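> What follows is a predicted protein model with its sequence.
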Amino acid sequence: MTATLKPRKRLRLSTVMDHIVLTLGALFMLVPMLMVLQLSTVPDAEIIQRGPSLHIGDQLDDNFVKAMFEASGFSGKNTGVSMLMNSFILGIGFAVGKIILGMMAAYAIVYFRLRFATLAFWAIFTTLLLPLEVRILPSYEIVQSLGMLNTYQGLIIPLIASATATFFFRQFFMSVPEELVEAARIDGAGPVKFFIDILVPLSRTMIAAMFIIMFVYGWNQYLWPTMITTEEDMYTLVRGIKQIIQVFEGTNLPEYGRGNLLALIAVIPPVLIVVFFQSWFVKGLTESDK
Amino acid sequence: MKRALFSNIWLPVALLLPQLVIIAVFFYWPAGYAVQSSFYLQDPFGFGSTFVGAGNYQSLFRNNEYLKIANFTLWFTVIVTFFSLAIALILAVKADRVIRGAKTYRTLLMWVYAVAPPVAGFIAVIMFNQSWGPLTEFFALFGYRFQVGVNFNDTAFAMILTSIWKQVPVNFIFFLSGLQSIPRSVREAALIDNRSASGRFWTVTFPLLAPTGFFLLIINITYALFDTFGIVDTVVKGEPGNNPMTLVYKVYVDGFRGNDLGGSSAQSVVLMALVLALTFVQFRLVERRIHYT
């Protein structure tokens, strides 16, 4: 667009500059992860001697087997496979739970005449103000007293206790034309039928966008899983990262290759989802937070 | 609110109930519990507690270590927020301009959004490895011996750099979508009025991006205060010692490791007040004064 009014030569110079800056930015983002990839292909002895290099080794499959099937902890239960499974349970459980609860609550708030609707609205939206981190210790004590330590419920449900999804779906439901409800009523559809047959299909794109954002958010949780899971078979990949680093510190021959590959595995699923469903993700992110 | 409403009574109650129960048990109860226990002194062995009024708060603000951490958190937040916003803005402006490879650049600049903070911290630990870390070697070229985990400033630098790396993509996504929503007609008018690209940026684009920028400012402050926990914890390798740490990390260390429930709760309440103040600023000042569209 800037091209039209400018002489040709200056345009090319500024375009080249744009590309240089963007390439530098892309490298700034990419190089650390490429280093992790490189480190997971070479033997540990080589890493200890010379650190990251440009040499691509042949240890990727060996490291993969070690990372996925050998345990790194004391109990021998936190293999890559079990951590990967726990990460998926946390990510999917969190996203699905949040979306279902959020849609239900938003539907009740937007479409029903309720005496205590305003109160419920404020009770729910106050939760947007305080992140879990500031009430982490009391939350831990409560989950402990409910006997939910080292369980999936204890891991997932306290994280769901905030209104981001409810807020998002409320905004969306408010934008749905009112004529739809009237038309549905004339056709004899009750509130349940209207919700399932009309509103849910209409919200498909929104649900997809929410799912991506919430899945990534749940998958990447660290502080809460660190506190709530003490048994190694409950570790998620992201929670396991610290243990990997501590094992690096304590041993003579740290298994760098395996550690780096686990870090890579912890990153791949959320990155793939964000990259492949980019347009939904960006739409969901920029519209939900505003 | 909608005009055409359903008049069922029990259905909306049933729909709201799960959400209300969960936030009552896992939000209001712990938040209230934090406020309450901030006024009590807990016996370290778990045998009851004594009411000390504002005692926990007083000892908090008299504690030099706490004030030092608050001071570090302030600088950490300012630096991380400034650089991640500035870098993202530059990249977004360039990405908005290029035609060739626009989509590739966008993908390459945003995927780090999905990287968990502790993984970012893990990468920092590798990058700054004492004997062969690429960045340690880079600093060695200038004759500087970089020591993460030993030297306070070096550790702080590693945390800040990692936190910026992790936050640039979010800001980039928002700035780019803000730029793309500027109408074509406005851009063309600006092009006629002002021939210099930097002049156009400061007089037209930047003010139009201000609402996005202020929104991001709050998001970034919250990020630096809370979401960097995973980075701090991995960079210091779980050994706080004399290393720099943020206020949230201090809550965790005192409460979870030090078993000081009262002191930790008082810190939680201070943080809650901070977040409420930030939200208040966001709603009152920002929403009211910045209106360009």
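That came through fine.

> any chance you could map the strands in the chain?
Looking at chain A here, since you left the chain open. Using DSSP state E, chain A contains no strands.

> other chain: chain B
With DSSP E as the criterion, chain B has strands spanning B:40-42, B:49-51.

> pLDDT of the last one, averaged?
Per-region confidence: strand B:49-51 scores 81 on mean pLDDT.

> Only the buried residues of that strand, if you could.
Within strand B:49-51, no residue is scored as buried using 16 or more other CB atoms under 10 Å in any protein chain shown. Glycine gets a C-beta too; all of them are placed from N, C-alpha and C.

> Of the strands of chain B, which is nearest B:Phe172?
Closest approach to B:Phe172 among the strands of chain B (CB to CB): strand B:40-42, 44.6 Å.

> Off-centre distance for that closest one?
Its chain's average C-alpha position is 30 Å from that of strand B:40-42, according to CA atoms, centre = their mean, to the nearest Å.

> neighbours of residue 40, just the number please.
All of this is about chain A. 25 (other CB atoms under 10 Å in any protein chain shown).

> oops, I was thinking of chain B
Per other CB under 10 Å, the neighbour tally for B:Tyr40 reads 19.

> Cross-check the contact I'm expecting between it and B:Gly53.
No - with contact defined as CB atoms under 8 Å, B:Tyr40 does not reach B:Gly53; the gap is 9.4 Å.

> so A:Ile241 makes contact with B:Asp233?
No - A:Ile241 is beyond contact range of B:Asp233, at 9.4 Å (criterion: CB under 8 Å).

> Identify the contacts common to these two.
Here A:Ile241 and B:Asp233 have A:222, B:118, B:121 as joint contacts, going by CB atoms under 8 Å, 6 or more residues apart in numbering or on different chains.

> Pull the contacting residues for the first one.
By CB under 8 Å, 6+ apart, the contact list for A:Tyr222 reads A:238-239, A:241, B:116-118, B:229-230, B:233.

> Look up the closest residue to it, ignoring the ones flanking it.
In space, A:Tyr222 comes closest to B:Gly230 once its chain neighbours are excluded; the distance is 4.0 Å by CB to CB, 6 or more residues apart in numbering or on different chains.

> For burial, what's the neighbour tally of residue 260?
All of this refers to chain A. Residues near A:Asn260, counting by other CB under 10 Å: 26.

> right idea, wrong chain: chain B
B:Asp260 has 19 neighbours, counted by other CB under 10 Å.

> Spatially nearest residue to it (excluding sequence neighbours)?
Spatially, and ignoring its direct neighbours in sequence, B:Asp260 is nearest to B:Asp254 (4.9 Å; CB to CB, 6+ apart).

> returning to that earlier point: which of A:Ile241 and B:Asp233 has more residues huddled nearby?
A:Ile241 (29 against 25).

> so how far is B:Ile123 from that one?
The gap separating A:Ile241 from B:Ile123 is 10 Å, by CB to CB, to the nearest Å.

> Please enumerate the shared neighbours of the two.
Here A:Ile241 and B:Ile123 have A:Ala263 as joint contacts, going by CB under 8 Å, 6+ apart.

> ok, the residue nearest to B:Asp260 - contacts?
B:Asp254 makes contacts with B:260, B:263-264, B:267, as judged by CB under 8 Å, 6+ apart.

> picking up where we left off before, list just the one of the strands of chain B that sits closest to chain A.
With CB to the nearest CB as the criterion, chain A lies closest to strand B:40-42 of these, at 10.8 Å.

> So for A:Gly154, what's the nearest residue that isn't a sequence neighbour?
A:Gly154 sits nearest to A:Met148 (CB to CB, 6+ apart), 3.1 Å away.

> How many residues are close by that neighbour?
That count, for A:Met148 with other CB under 10 Å as the rule, works out to 17.

> Just the helices from the stretch 101-250 of chain B, written as ranges.
For the stretch 101-250 of chain B, the helices defined by DSSP state H, counting those that start in this stretch cover B:102-110, B:117-127, B:134-141, B:152-180, B:184-193, B:197-200, B:206-222, B:229-235, B:247-252.

> for the chain, which spans come out with low pLDDT?
Just going to use chain A. For chain A, the stretches flagged by pLDDT under 70 are A:1-11, A:72-76, A:250-252, A:288-290.

> ah, I was thinking of chain B
B:1-4, B:43-47, B:285-293.

> In it, which residue sits closest to chain A?
Per CB to the nearest CB, B:Trp132 is where chain B lies closest to chain A, at 2.7 Å.

> Spit out the contact partners of the closest residue in space to that residue that isn't next to it in sequence.
Nearest non-adjacent residue to B:Trp132, counting by CB to CB, 6+ apart: A:Gly51, 2.7 Å away. A:Gly51 makes contact with B:129, B:131-134, B:137, according to CB under 8 Å, 6+ apart.

> coming back round to it: let's see the ChimeraX selection covering just the buried ones among the contacts of A:Tyr222.
Buried members of the contacts of A:Tyr222, defined by 16+ other CB under 10 Å, are picked up in ChimeraX with:
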select /A:238,239,241 /B:116,117,118,229,230,233
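
> A:Gly218 reaches A:Gly93, doesn't it?
Yes - judged on CB under 8 Å, A:Gly218 makes contact with A:Gly93 at a distance of 7.2 Å.

> Mind listing the shared neighbours of those two?
Common neighbours of A:Gly218 and A:Gly93 (CB under 8 Å, 6+ apart) are A:Ile156.

> who has more neighbours, the two?
Neighbour count, other CB under 10 Å: between A:Gly218 and A:Gly93, A:Gly218 has more, with 28 against 19.

> now the more buried one: how far from B:Phe39?
Distance of A:Gly218 to B:Phe39, computed by CB to CB: 34 Å.

> What of A:Leu90?
Taken as CB to CB, the span from A:Leu90 to B:Phe39 is 35 Å.

> Comparing these two, which residue is more hemmed in?
Counted by other CB under 10 Å, A:Leu90 and B:Phe39 do not tie: A:Leu90 has more neighbours, with 27 against 19.

> OK, contacts around that one?
A:152, A:155-156, A:218-219, A:221, A:225, A:236.

> Would you mind trimming those to those in range of chain B?
A:Trp219 (CB under 8 Å from any CB of the partner chain).

> quick one: which two of the contacts of A:Leu90 are the most distant?
The most widely separated members of these, counting by CB to CB, are A:Tyr152 and A:Trp219 (14.1 Å).

> Between those two, tell me which one has more neighbours.
Counted by other CB under 10 Å, A:Tyr152 and A:Trp219 do not tie: A:Trp219 has more neighbours, with 24 against 14.
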